[in-house]
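Peer 1: I'd like to go over a predicted model; first the sequence, then the structure.
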Amino acid sequence: MKIVTIIGARPQFIKAAAVSRAIAEHNAVIHDPRYTIHEIIVHTGQHFDANMSDIFFEEMQIPHPNYHLEINSMGHGAMTGRMLEKIEEVLLKEKPDYVMVYGDTNSTLAGTLAAKKLHIKVVHVEAGLRSFNMRMPEEINRILTDRISDILCCPTETAVKNLQNEGFRLPSNPQFTINDPQVVNTGDVMQDAALFYSSFSAAKSTIIRKLELEGKDFVLCTIHRAENTDDESRLRNIFEALLEVSNDLSVVLPLHPRTQKIIDTTLHDLRSTIHEKLKISPPVGYFDMIELLKHTKIVMTDSGGLQKEAYFFKKPCITLRDETEWVELVEAGVNQLVGSNRTNILKAISSVNPSVYFTENLYGNGQASVKILEHIISSY
């Protein structure tokens, strides 16, 4: 069997590495070459990341891409179109049995379209996620990818229900036919990755010592979404709340240079106070982020992935957005959705009670990659 994996951003590499490890483990115990799986990795280059050096791949134990398309710094239409063209060339050359895509990027959609037009089966990992906000490009990519994929690997039961609500039939449905896409709850590959890397993150990271956080209670905060950074009122409300929080708890804030620039220019009246009272650092690597998650008391974020990672490490999360794809976290009481309202943010901080959380296993048991692979094999 040959699988072409399409990825285009650092988080997708980390997720895909979990499945690549499952493939390697499968091949290690298969002695008949007819039953081995050959994976070809295509990096579209969608998110240019200077930190994705050889050291990144070696430390993260991630296979190097077989193809690097170097497509980035374009508008959505141009980028998706160029990817579609170049991915098609790879697929015509490699002739895979399956194309595997992750998440909701332009790379995800382009890989899916290229495969389906060549009648190649598509496996969508992280299928069924919905924010129900059609202004998000990611939401459009998710919906279109799900609609034409053949195997939909859902990370949660909520994602399965989303697909059912959109008309997808499950194998348990009497009307299910072999032509229906396969919908399966595999669990979340992000949990696989988090558990794997957390086993040796302490040896790879010095962030706790570097930021002088040993033995201290602190809040870990990330802000990067345009809905917050590009709206002065929302950004101001969030930072006014963070400054108040910092009176009682240290606030650690890894910031992208773009966000830092916006803060310095938009919130110029708060700039000096922000730099004085908050522990601002450049963006941190994955091992550093895991160590911060292990040691933090509370997570505050507008990131999708960090909401789940907070849960993996049993940390309460306050989400600085108006909606979330991870509604099961809100329903379980481990995530509070507060938007950018200053009062709601402070109320959420004061109401956090970590001792009563994390009784459910919402994302599988760290075996999502194995389940994905088993389902592909059974469908081959």
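Peer 2: Ah, there it is.
Peer 1: Tell me if A202 really is in a helix.
Peer 2: Yes. Applying DSSP: H, G, I helix; E, B strand; the rest coil, one finds A202 inside a helix.
Peer 1: For burial, what's the neighbour tally of S73?
Peer 2: Here the number of neighbours of S73 (other CB atoms under 10 Å) works out to 10. For glycine as for every other residue, the C-beta is placed from the backbone atoms N, C-alpha and C.
Peer 1: Give me the distance between it and S149.
Peer 2: For S73, the distance to S149 (CB to CB, to the nearest Å) stands at 28 Å.
Peer 1: Also I349?
Peer 2: Taken as CB to CB, the span from I349 to S149 is 40 Å.
Peer 1: Is I140 within a helix or a strand, and which one?
Peer 2: Using DSSP states H and E, I140 falls within helix 137-148.
Peer 1: Quick one: distance of that helix to the chain centre.
Peer 2: Remark: helix 137-148 is offset 15 Å from the chain centroid, using CA atoms, centre = their mean, to the nearest Å.
Peer 1: can you check stretch 251-262 too?
Peer 2: With CA atoms, centre = their mean, you get 19 Å for stretch 251-262.
Peer 1: that older thread, which one's more surrounded, I349 and S149?
Peer 2: Applying other CB under 10 Å to I349 and S149 shows that S149 carries more neighbours, namely 25 against 22.
Peer 1: residues contacting the more buried one?
Peer 2: S149 makes contacts with 101, 112, 122-124, 127, 181, as judged by CB atoms under 8 Å, 6 or more residues apart in numbering.
Peer 1: Relative to H375, how far out is it?
Peer 2: Applying CB to CB to S149 and H375 gives a distance of 13 Å.
Peer 1: Mind exporting the C-alpha coordinates of the helix or strand of the chain with the lowest mean pLDDT to PDB?
Peer 2: The helix or strand of the chain with the poorest confidence is helix 54-59; it has a mean of 81 (mean pLDDT, DSSP states H and E). Below are the C-alpha coordinates for helix 54-59, written out as PDB (Å, rounded to 0.1, in the frame of the first residue of the first chain):
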ATOM      1  CA  ASP A  54      17.200  19.600  10.000                       C
ATOM      2  CA  ILE A  55      17.400  20.000  13.800                       C
ATOM      3  CA  PHE A  56      13.700  20.300  14.000                       C
ATOM      4  CA  PHE A  57      13.100  17.100  12.200                       C
ATOM      5  CA  GLU A  58      15.800  15.200  14.200                       C
ATOM      6  CA  GLU A  59      14.700  16.400  17.600                       C
END
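Peer 1: Which positions within it qualify as buried?
Peer 2: Buried residues in helix 54-59, counted by 16 or more other CB atoms under 10 Å: F56.
Peer 1: Start the count at 12 instead of 1 going forward.
Peer 2: Shifting the count to begin at 12 puts that one at helix 65-70.
Peer 1: what are the pairing partners of the helix or strand following that helix, and which direction each?
Peer 2: Downstream of helix 65-70, the first helix or strand assigned by DSSP H and E is strand 78-79. Strand 78-79 pairs in its sheet with strand 49-54 (parallel), by DSSP bridges.
Peer 1: show me the contacts for P166.
Peer 2: Neighbouring residues of P166 by CB under 8 Å, 6+ apart: 137, 139-140, 196-201, 374-375, 379.
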